[in-house]
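*Asks:* could you work out the structure for the sequence below:
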Amino acid sequence: MGNQTVIATLNNLFETTKDGAQGFRTCAAAVSNSRLRTVFEVAARRCDEAALELEGKIRSLGGEPTPSGTITGSLHRFWTNIISSITGMDERAVLAECERGEEFAERAYLAALQELPPGDAEAMVRRQYEGVKKNLDLVRELKIQAA
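*Replies:* This is a model prediction of the structure:
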């Protein structure tokens with residue numbers, strides 16, 4: 001696998017991670033529960049940190065990070081905004097939307113791990129994947145508690 005393919009794979013994760021940060025911020029803005037808002041804001045910051053790390057790796061390989069989020073991520077944010085404006089989005093609905101977004105991120109990371117050769121980039125992606133899994137588990141746990 002050449003550098004350009006690794007860069008393209010990392011750029012896909014960069015977009016997905018930026019989408020995740022925006023998605024968590026959208027969800028944080030949609031809830032009145034301060035504990036839940038804090039959980040979403042912390043998750044957004046972790047996504048920002050992952051995006052910065054991906055950006056650095058992309059640049060170190062001679063690439064340029066993509067300038068905007070994915071179409072799917074944009075649809076994720078669009079759907080969250082639509083539901084929020086129509087129904088006022090209760091906590092369970094917000095958590096369900098966050099769960100959907102993290103499931104998308106999990107699939108993107110798993111695909112990247114299958115594509116990347118062993119090395120620095122793969123180790124970084126594997127570590128970030130563990131963070132995505134933790135976010136997904138937390139969102140699922142909070143959704144059960146909100147039931």
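*Asks:* who touches stretch 104-116?
*Replies:* The contact list for stretch 104-116 (CB atoms under 8 Å, 6 or more residues apart in numbering) reads 1, 5-6, 9-10, 12-13, 16-17, 19-20, 72-73, 76, 122, 125-126, 128-129, 132-133, 135-136. Placement of C-beta: from N, CA and C, glycine included.
*Asks:* let's see that with 7 Å instead.
*Replies:* By CB atoms under 7 Å, 6 or more residues apart in numbering, the residues outside stretch 104-116 that reach it are 6, 9, 12-13, 16, 20, 72, 76, 122, 125-126, 128-129, 132-133, 136.
*Asks:* closest one of these to Gln145?
*Replies:* Using CB to CB, Leu136 comes nearest to Gln145 of these, at 15.1 Å.
*Asks:* give me the most central residue, the protein.
*Replies:* Using CA atoms, centre = their mean, the residue of the chain that lies closest to the mean C-alpha position is Gly20, 2.9 Å off.
*Asks:* surely that residue and Cys98 touch.
*Replies:* No. Using CB atoms under 7 Å, Gly20 is not in contact with Cys98, being 9.2 Å away.
*Asks:* now tell me which of the contacts of stretch 104-116 the prediction trusts least.
*Replies:* pLDDT is lowest at His76 among the contacts of stretch 104-116; the value there is 56.
*Asks:* just checking, what packs against whichever strand or helix holds Cys27?
*Replies:* Assigned by DSSP states H and E, Cys27 belongs to helix 3-30. If you count contacts as 3 or more CB pairs under 7 Å, 6 or more residues apart in numbering; DSSP states H and E, helix 3-30 packs onto helix 34-60, helix 71-87, helix 91-115, helix 120-146.
*Asks:* the ones you listed: lowest mean pLDDT?
*Replies:* helix 71-87 (a mean of 53).
*Asks:* from the contacts of stretch 104-116, pick the one nearest Val94.
*Replies:* Distances from Val94 to the contacts of stretch 104-116, taken by CB to CB, are shortest for His76, at 12.7 Å.
*Asks:* is Glu64 in a helix, a strand, or coil?
*Replies:* Secondary structure, DSSP: H, G, I helix; E, B strand; the rest coil: Glu64 is coil.
*Asks:* that one: how many residues sit nearby?
*Replies:* 10 (other CB atoms under 10 Å).
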